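In: this is the structure alone, sequence omitted:
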Ligand code: NAD
Ligand code: UFG
């Protein structure tokens, strides 16, 4: 029996496939490569020394999914596939709802048809909304999301919860990620955003490697220690390990929700300072306007994952910086070279 990883050619998916294979599990990857790379999958094979079964298919393609489930015996699905750019989602709501919500619906229907009813889903801290008290705790109800991407995550959480209410055989883990950064310590796989990076860490890395002139820090007058926003950055390998632990949680029916973060807020200025201290590379920056929709500061209460899954983030911010730089400096153009 294998674990089906949707979006396994992407950033978090590829790192998770490494952990699954190294734990001795069988894996099938499905990805339409709209934001992932076939090369990432080849490099996962290099890291692990194991072949990866890869199927290029869209999760909205029901016939493709049916064929995949016929061909491979799947016991559970880790579902990463989806679109993730917050800003882009505002201009393309239909694409986001179709990929993220309808895509998940089709995937669940295909799973139901073959009696596979275990899913680990990539949700996001964004579902807490702007009003939730910090640190975010899983018992806080979902808040008002401020963009179609966030709303699509909240909608899928609701969809999966309703599915479990309707059929007690379903088992779902909703993993609310905070801010994953870093790369596999081998330097072979990492984050490879298309176009101008939306997120802080890949932007810093691309400035450091000379692909961009300077970082713009969005806002310097937030009510935080140094005026810049604070986030809970966690190492992508820790996050990947969290999925391995969550597979245990979906052995029992029902819905479980877990924050995956470190529990520590780090400011944008601290991130820049930390990168330079660890790598010795200066990152020129200037302050710009606030980015619409950004919250001043949030981080996780990660105690539930620690108690119930035995998971906690282990890697330090210095390791996140060193691993990001190893990946970016060895692969200045990402997988394109
Ligand atoms: P990513 O874009 O690197 O990976 C997503 C993968 O899914 C890509 O390889 C893409 O080609 C594939 N994909 C997209 N739509 C598809 C479809 N319809 N059919 C098949 N494949 C499809 O993103 P990531 O950073 O690895 O994120 C993975 C998941 O985690 C996403 O659902 C994202 O929303 C969620 N998430 C990410 C973050 C983050 O900061 N990276 C934070 C919270 C949640
Ligand atoms: N930032 C800059 N300059 C940049 C990019 C980002 O100053 O060029 C700042 C942002 O303003 C923010 C911080 O760096 O204060 C982090 O920004 P990211 O875009 O890296 O991360 P976000 O917290 O905004 O969003 C991320 C994911 C979302 C997810 C959210 C909550 O991108 O998908 O975390 O989990 F919903």
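Out: Ah, there it is. Just so it is clear, the structure is predicted and the values come from calculations on it, not from any experiment. Numbers count the residues shown, from 1 in each chain. Ligands and ions are numbered 1, 2, ... in the order given.
In: CA only for contacts and neighbour counts going forward, please
Out: Fine.
In: all strands of the chain, in order?
Out: Secondary structure of the chain by DSSP state E: the strands cover 2-6, 26-31, 53-56, 74-79, 118-124, 171-177, 179-181, 215-218, 230-231, 233-235, 254-260, 266-267, 285-288.
In: which residues does residue 288 bridge with?
Out: residue 218 (DSSP bridges).
In: hang on, isn't it packed against residue 218?
Out: Yes: using Cα atoms under 8 Å, residue 288 makes contact with residue 218 at a distance of 5.1 Å.
In: so for these two, which sits in the more crowded spot?
Out: A direct count of neighbours by other Cα atoms under 10 Å for residue 288 and residue 218 places residue 218 higher, at 19 against 12.
In: just the pLDDT for residue 194.
Out: pLDDT for residue 194: 89.
In: so it touches residue 35, yeah?
Out: Yes: contact criterion Cα under 8 Å: residue 194 and residue 35 qualify, at 7.2 Å.
In: near ligand 2, which residues of the stretch 201-337 of the chain are found?
Out: 203, 215-218, 229, 268, 291, 294 (Cα under 6 Å from any ligand atom).
In: repeat the analysis, applying 8 Å as the threshold.
Out: 201, 203-204, 215-219, 228-231, 267-268, 290-291, 294-297 (Cα under 8 Å from any ligand atom).
In: residue 194 and residue 35: who's more crowded?
Out: More crowded of residue 194 and residue 35, by other Cα under 10 Å: residue 35, with 17 against 11.
In: what is the neighbour count of residue 119?
Out: Using other Cα under 10 Å, residue 119 has 27 other residues around it.
In: for residue 308, see how far away it is.
Out: The gap separating residue 119 from residue 308 is 17 Å, by Cα to Cα, to the nearest Å.
In: what sits against residue 152?
Out: 96-97, 100-101 (Cα atoms under 8 Å, 6 or more residues apart in numbering).
In: correct me, but residue 244 touches residue 18?
Out: No: assessed by Cα under 8 Å, residue 244 is found out of contact with residue 18, at 10.5 Å.
In: those two: which has the busier surroundings?
Out: Between residue 244 and residue 18, residue 18 has the larger neighbour count (other Cα under 10 Å), namely 28 against 20.
In: what's around the residue lying closest to that one once chain neighbours are set aside, how many residues?
Out: Nearest residue to residue 18, sequence neighbours excluded (Cα to Cα, 6 or more residues apart in numbering): residue 44, at 6.0 Å. Look at residue 44: counted by other Cα under 10 Å, it has 24 neighbours.
In: give the residue farthest from the middle of this protein.
Out: residue 221 (28.5 Å; Cα atoms, centre = their mean).
In: which parts of the stretch 201-337 of the chain are helices?
Out: Using DSSP state H, counting those that start in this stretch, the helices of the stretch 201-337 of the chain run over residues 236-249, 268-279, 303-304, 317-330.
In: is it possible to get JSON lines of those that adds mean pLDDT and distance to residue 108?
Out: Output for the helices of the stretch 201-337 of the chain, formatted as JSON lines (pLDDT from 0 to 100; distance: least, Cα to Cα, whole Å):
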{"stretch": "helix 236-249", "mean pLDDT": "97", "distance to residue 108": "17"}
{"stretch": "helix 268-279", "mean pLDDT": "98", "distance to residue 108": "38"}
{"stretch": "helix 303-304", "mean pLDDT": "98", "distance to residue 108": "26"}
{"stretch": "helix 317-330", "mean pLDDT": "98", "distance to residue 108": "34"}
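In: got these as CSV, with distance to residue 107 columns?
Out: CSV is the format used below for the helices of the stretch 201-337 of the chain (distance: least, Cα to Cα, whole Å):
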stretch, distance to residue 107
helix 236-249, 18
helix 268-279, 37
helix 303-304, 28
helix 317-330, 32
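In: closest one to residue 87 among the ones you listed?
Out: helix 268-279 (18.9 Å; Cα to Cα).
In: helices or strands next to the closest one in the packing?
Out: Here helix 268-279 touches helix 317-330, going by 3 or more Cα pairs under 8 Å, 6 or more residues apart in numbering; DSSP states H and E.
In: what does the helix it packs on contact?
Out: Against helix 317-330 from outside (Cα under 8 Å, 6+ apart): 181-190, 205-206, 209, 233-235, 274-275, 278-279, 334.
In: same thing but at 7 Å, please
Out: Residues outside helix 317-330 that contact it (Cα atoms under 7 Å, 6 or more residues apart in numbering) are 181-185, 187-190, 205, 209, 235, 275, 278-279, 334.
In: now do stretch 98-111
Out: Residues from elsewhere that reach stretch 98-111, judged by Cα under 7 Å, 6+ apart: 59-60, 62, 65-66, 82-83, 117, 152, 155-156.
In: which of the contacts of helix 317-330 come close to ligand 1?
Out: Restricting those to those near ligand 1 - Cα under 8 Å from any ligand atom - leaves residue 181.
In: now, of the contacts of helix 317-330, which are buried?
Out: 181-185, 187-190, 205, 209, 235, 275, 279, 334 (16 or more other Cα atoms under 10 Å).
In: for the protein, name the helix or strand with the lowest mean pLDDT.
Out: Lowest on mean pLDDT, DSSP states H and E among the helices and strands of the chain sits helix 86-91, with a mean of 93.
In: which parts of it are buried?
Out: Of all the residues in helix 86-91, those buried under the rule 16+ other Cα under 10 Å are 86, 88-89.
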